[in-house]
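Asker: One predicted model, sequence on top.
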Amino acid sequence: MIDVDEFATRARGWLAENLPPADPTRDTFFLHAATHPTDEEVLARAATCRELQRRLFDGGFAGICVPPEYGGQGLTPAHQAAFNREIRGYDYPAEIQASTFIPCMAVLLEFGTEEQKLRHIPRMLRGEEIWVQLLSEPGGGSDAAGAVTTATRDGENWVLNGSKVWTTSGWWGDWALCLARTNWDVEKHRGLTVFSVPMSAPGLEIRQVELVNGSKDFCQEFLTDVVVPDTDRIGDVDAGWGVMTRWLYHERTISGGSPYVTGGGNRPNAGPYDIGSLIEAARAFGTLDDSRTRALLGEAQTNVLVLRALVEAVTRKMAGGALPYHAAAMTRLFGGTSNARRAAIATELYGEAGVVWSPDEETAAQVGLGYLTRQAACIGGGTTEMARNVISERLLGMPREQRADTVAFRDVPRGPQAGGSGA
Amino acid sequence: MFTQTADQDLLEATTADYLRVTWTPARIRELSRLDSPFDPALWRRGVDLGWTALLVPADSGGGSVSGNGLADLLAVAYQFGRHAAPGPLIGTNVVAAALARWGTKEQHGGPLAELLDGAATAAWGYAPRTGPRSGNGLRAVSSDDGVALTGTVPLVETGTASGYLLLAAADAQGLRSHYLVPRDAPGVRTSPLRGIDLTRRYQSVTLQDATVSAAARVGEPGSADDHDELLLDLTAVLQAAEIVGTMERAFTTTLQWTHDRYSFGRPLGSYQEIKHRMADLRTQLEASAAVTAKAARHVGEGSPDARLWASTAKAYAGQVGPELIQDCVQLHGGIGVTFEHDLHIYLRRATVNAQLFGTPAAFTDRLVSLTETALGGGK
């Protein structure tokens, strides 16, 4: 196996030749977006991501930790980490790292059949298949196991009915992992099954959801008699919760530490929250030498550096067995709360400029709108409350929450607004 | 929490065993009532475990167990925090590091050897430039007899009676240099201070024409400003490691309490409010340990980012450490503010470490200044 330093040297040379520099002023599509891209601009960027992913694949840098038989490089997390250091400053397919590679590819690697892996993973690595997650439902956010989207067996096929929501990039994704209920007569965790579903499937209607900052990248889907062949089932029938726990684990690694993510995840730059940008802003406002301003700047940077150290330490300890994999919830919690805090700090530093701006002050707009959507950092990818449950119950061994959903799922109270057929 | 090699594990285990039996919480309480709780014999036995050798290269009589002595020393400092152990661990190591780096051969053969075998301890007489203990700085006047030092040092930790002080003094040109001053040198007067740690004691030092030989200078003339910054990095990382030790002890004690204590017919730990707070505290503990370990790696290797990480470690652990323990007190209820309970022992140690040698706020400001400089156009 190629030595990590040698690999990094090769990557350095290849990147300089093959990837364009990152545009520091470009936003990611969602959450931070201040200037709302048109649908055409989003699709154009998606096409760029596919093309950049293809270049990574052709250069031998896609799927660095994925086995060669599925198109990967068969190397180690240390190689991926080295590559992620080298790729800083270059444009890369940031927007498709999550959800395509985590959690979707990671789940396929663990639970897919040989045939499924050979069919999809090389296409993911070549940028030909972008994957999304049909997971949350309108009737329940954190309670993933309470899914009421139902899959009914019909010969060699399954027929899916229900609704999913908070699908990042749902409207331009190609395939999805979908969690569905296959048995209403057992306890809720024991009646779930995971499927792979093409987003172009007949009966799958997609609607974009507008967020408070104007972003329209999250979607809601309505599934009406969507037919999925049994060969697209991921894992055993009614064994979906076992898949789900790993699905959620891989999703939590978005804060860092996944061996399947290229670059810094799906946030290519910190935009207005970059420490240099914050210092520049304070200098422009004439507040840089105020002790309160300096305390805020230092807190913002401390949060960033501590999160980085935490991700590294937890990843290392989990790999070495010193911490169970549930420890990833700590990085999710710290990442969420520190990002929310960062948005608050930027808002305080910007003051007036962060709430009223002239049309050319894009950074100020990012701060203002970023503040409005700040709690998304503590909601998306599993709420920080759920992370606290995982840490306290799984890591610390504290008593589990009392539950009212241990009877057959059909009989679980779901409230006056609950959807689902109960069929 | 910090160890990554079998040798580090062994160093930590022998230290933990020794501290556990030697300084039980009950013993710490007894020592708190004494004027001089420091016991030279007990210190020396601890030093035999390697406590003062790790920041000193092997050819100067020391030696690390992993190649990064500061990373090794984290395990010892962490256990000092976990046991709120007495003894000037940080000051002695920091002065030993200074002597090893910048000291003369004579200083290696004499004072450094005494620090390494436990016969003496040392303290670094650092005073911040502003604040209630900023001090007025020492002046150094050279003559044929040597160098006469005059001025006050607001605060040094106590140790062996015949130990050493590493003090910076400015000459007539304003150039600051470090001098190694025996505590019992003529012209050195100490005056005891009171404070919140039960077993670590501090004193102020007044020097009136305290004369040391010119050979007592440590480092080139005028090098103290630069050297202070490195000693500050070492001190910050070791303080952070002690703080992490106190946090771990308070957290573990409190987790057990949430299992054992029942209210309204349920264990305390079954309430989600309590669970979520424990999750937050556990995350802060891991984050404090992570940033401290990372800082030790960078400072120990002398990397370009060393100062950045050392500042971050002290800024973060110094801020959240005492707060975590206060939350542990809150979760205990009334028993948590009694002298009989152990929590305050760790709260005291964490708070002293957080505030001495630069507050978390001072290190936060240092971090911003470093970043300004790195980005260009810093002040």
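Answerer: On my side now, so go ahead.

Asker: buried residues in the helix or strand hosting residue A:115?
Answerer: Element membership of residue A:115 [criterion: DSSP states H and E] is helix A:114-125. Within helix A:114-125, the residues scored as buried using 16 or more other CB atoms under 10 Å in any protein chain shown are A:116, A:117, A:119, A:120, A:121, A:122, A:123, A:124, A:125. Where you see a C-beta, it was placed from the backbone N, CA and C, and this is true even at glycine.

Asker: Need those in CSV (columns: distance to chain B and pLDDT).
Answerer: Listed next are the buried residues of helix A:114-125 as CSV, based on distance: CB to the nearest CB, whole Å; pLDDT from 0 to 100:
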residue, distance to chain B, pLDDT
A:116, 36, 98
A:117, 34, 98
A:119, 40, 98
A:120, 35, 98
A:121, 32, 98
A:122, 36, 98
A:123, 37, 98
A:124, 32, 98
A:125, 32, 98
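
Asker: Same list, the residues you listed, but as a markdown table with distance to residue A:195 please.
Answerer: As requested, the buried residues of helix A:114-125 are exported to a markdown table (distance: CB to CB, whole Å):
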| residue | distance to residue A:195 |
| --- | --- |
| A:116 | 11 |
| A:117 | 16 |
| A:119 | 14 |
| A:120 | 13 |
| A:121 | 17 |
| A:122 | 21 |
| A:123 | 18 |
| A:124 | 17 |
| A:125 | 22 |
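
Asker: Go through these and name the one nearest residue A:384.
Answerer: residue A:124 (29.3 Å; CB to CB).

Asker: contacting residues around that closest one?
Answerer: If you count contacts by CB atoms under 8 Å, 6 or more residues apart in numbering or on different chains, residue A:124 has them with A:100, A:101, A:104, A:105, A:130, A:131.

Asker: Give me the buried subset of those.
Answerer: Neighbour-count burial within the contacts of residue A:124 applies to A:100, A:101, A:104, A:105, A:130, A:131; the criterion is 16+ other CB under 10 Å.

Asker: Sitting in helices, which of those residues do you find?
Answerer: Using DSSP state H, the subset of these located in helices is A:104, A:105.

Asker: Check the buried ones among the contacts of residue A:124 against residue A:301 and report the nearest one.
Answerer: residue A:101 (28.8 Å).

Asker: Next one: the closest one relative to residue A:415, how far apart?
Answerer: 36 Å (CB to CB, to the nearest Å).

Asker: Number of residues surrounding residue 228?
Answerer: Just going to use chain A. The local packing of residue A:228 (other CB atoms under 10 Å in any protein chain shown) involves 21 other residues.

Asker: wrong one, chain B
Answerer: Residue B:228: 18 surrounding residues under other CB under 10 Å.

Asker: Isn't it up against residue B:126?
Answerer: Yes. Distance between residue B:228 and residue B:126: 6.5 Å, which falls inside the contact criterion (CB atoms under 8 Å).

Asker: check contacts around residue A:202.
Answerer: Under the contact definition (CB under 8 Å, 6+ apart), the residues listed for residue A:202 are A:226, A:227.

Asker: What parts of the stretch 151-300 of chain B come near chain A?
Answerer: Taking CB under 8 Å from any CB of the partner chain as the measure of proximity, the stretch 151-300 of chain B contacts chain A at B:255, B:258-259, B:267, B:269-270, B:272, B:274-276, B:278-280, B:282-283, B:286-287, B:289-291, B:293-294.

Asker: what's the nearest residue to residue B:270 if we skip its chain neighbours?
Answerer: Of all residues beyond its chain neighbours, the one nearest residue B:270 is residue A:399 (4.0 Å), with distances taken as CB to CB, 6 or more residues apart in numbering or on different chains.

Asker: I figured that neighbour was touching residue B:274, is that so?
Answerer: No. If you go by CB under 8 Å, residue A:399 and residue B:274 don't touch, sitting 9.8 Å apart.

Asker: quick one, which of the two is more surrounded?
Answerer: Set side by side, residue A:399 and residue B:274 show more neighbours around residue B:274, with 21 against 18, by other CB under 10 Å.

Asker: in chain A, what spans have low per-residue confidence?
Answerer: Under the criterion pLDDT under 70, the flagged ranges of chain A are A:24-36, A:255, A:265-269, A:417-423.

Asker: ranges for the helices of it?
Answerer: Using DSSP H, helices in chain A cover A:4-18, A:39-59, A:77-86, A:104-111, A:114-125, A:240-252, A:275-285, A:291-320, A:328-350, A:362-372, A:376-379, A:384-390.

Asker: buried sites along the longest one?
Answerer: Read that as helix A:291-320. Of the residues in helix A:291-320, those buried by neighbour count under the rule 16+ other CB under 10 Å are A:293-318.

Asker: counting contacts, what elements does it pack onto?
Answerer: In this structure, helix A:291-320 makes packing contacts with helix A:275-285, helix A:328-350, helix B:272-301, helix B:306-332, helix B:360-375, judged by 3 or more CB pairs under 8 Å, 6 or more residues apart in numbering or on different chains; DSSP states H and E.

Asker: domains of the chain?
Answerer: No chain was given, so I picked chain A. With domains defined by automatic domain parsing, chain A comprises A:4-96+A:118-128, A:133-249, A:270-395.

Asker: try again with chain B
Answerer: Structural domains assigned to chain B are B:6-121, B:124-218, B:224-375, following automatic domain parsing.

Asker: nearest to residue B:52, of the domains of chain A?
Answerer: For the domains of chain A, the distance to residue B:52 is smallest for domain A:270-395, at 27.2 Å, taking CB to CB.

Asker: Quick check, central residue of chain B?
Answerer: For chain B, the residue whose C-alpha lies nearest the mean C-alpha position (CA atoms, centre = their mean) is residue B:90; its distance is 3.7 Å.
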